[in-house]
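K.L.:
3D, please:
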Amino acid sequence: MTNVEDPRFPIGKFSPPAANTAEVRSQHIANLRQLPAHLRQAISGLNDAQLDTPYRDGGWTVRQTVHHLADSHIMSFSRFKLALTSDWPTISAYDENAWANLPDSRLPLESSLQILEGLHTRWVALLESMSDDDFNKGIVHPERGRMNLATALAIYSWHSLHHTAHITRLRERMGW
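P.N.:
Below is the predicted model of the structure:
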């Protein structure tokens, strides 16, 4: 659902799925599979000034948002692998705003787009190989507590749509 009044959440806030079924997970996996192409389409034709425009007052620029997706999804993929090979590992949190302000977040976008393409190819292959029992494995987040991989998958499916919508809604508002 679109939240027109709050540009921070253009598709609404994350809501955990009601069920952990193969059908629900399949849609989330499809969203991850499609992210690299949808993101390329969302930024297609934007110039540097547009890429350096925040999607909302006080928000990240389009450029920072794309680099954030690469950073965040690298972390999530690693966490999935940890959860599949360890018993409920405690993972490290990171300051995503601080990361978004590091110098590499001002680079051209192609490197992060390539990271997302390769990463999502591997991540989707891993996800599609997982059993129901695998999706019940999980991590311990220092701020959020225990989270199984089915919930983590739903979060990153939402995350993909959420940040892509930041860019596409900005384009709509600006007439780009």
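K.L.:
going forward, measure contacts between C-alpha atoms and count neighbours the same way
P.N.:
Noted.
K.L.:
Would you map the helices across the chain?
P.N.:
Taking DSSP state H, the helices of the chain run over residues 22-43, 48-51, 62-85, 96-100, 110-129, 132-135, 149-174.
K.L.:
Make CSV from those and add mean neighbour count to it.
P.N.:
As requested, the helices of the chain are exported to CSV (neighbours: other Cα atoms under 10 Å):
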stretch, mean neighbour count
helix 22-43, 18
helix 48-51, 15
helix 62-85, 20
helix 96-100, 13
helix 110-129, 16
helix 132-135, 15
helix 149-174, 20
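K.L.:
closest to D6 out of those?
P.N.:
Between D6 and the helices of the chain, the tightest spacing by Cα to Cα is seen for helix 149-174, at 11.0 Å.
K.L.:
rewinding a little: S15 is nearest to which of the helices of the chain?
P.N.:
Sorting those by Cα to Cα, the top spot, which is the nearest, belongs to helix 149-174 at 8.3 Å.
K.L.:
Averaged pLDDT, stretch 116-135. What do you get?
P.N.:
Across stretch 116-135, pLDDT averages out at 98.
K.L.:
hmm, back to that, show me the one of the helices of the chain that comes nearest K13.
P.N.:
Evaluated with Cα to Cα, the helices of the chain place helix 149-174 nearest to K13, the distance being 8.7 Å.
K.L.:
where in the protein is pLDDT low?
P.N.:
Under the criterion of pLDDT under 70, the regions of the chain flagged as low confidence span 1-4.
K.L.:
at 80 what do you get?
P.N.:
For the chain, applying pLDDT under 80 flags the ranges 1-5.
K.L.:
What residue in it is the furthest from its centre?
P.N.:
Each residue of the chain has a distance to the centre, and by Cα atoms, centre = their mean the biggest one is for G175: 25.0 Å.
K.L.:
Please report how far it lies from L46.
P.N.:
12 Å (Cα to Cα, to the nearest Å).
K.L.:
R146 too?
P.N.:
In terms of Cα to Cα, R146 sits 40 Å off from L46.
K.L.:
how about the helices of the chain, which one is nearest F14?
P.N.:
Of these, the one closest to F14 (Cα to Cα) turns out to be helix 149-174, at 6.6 Å.
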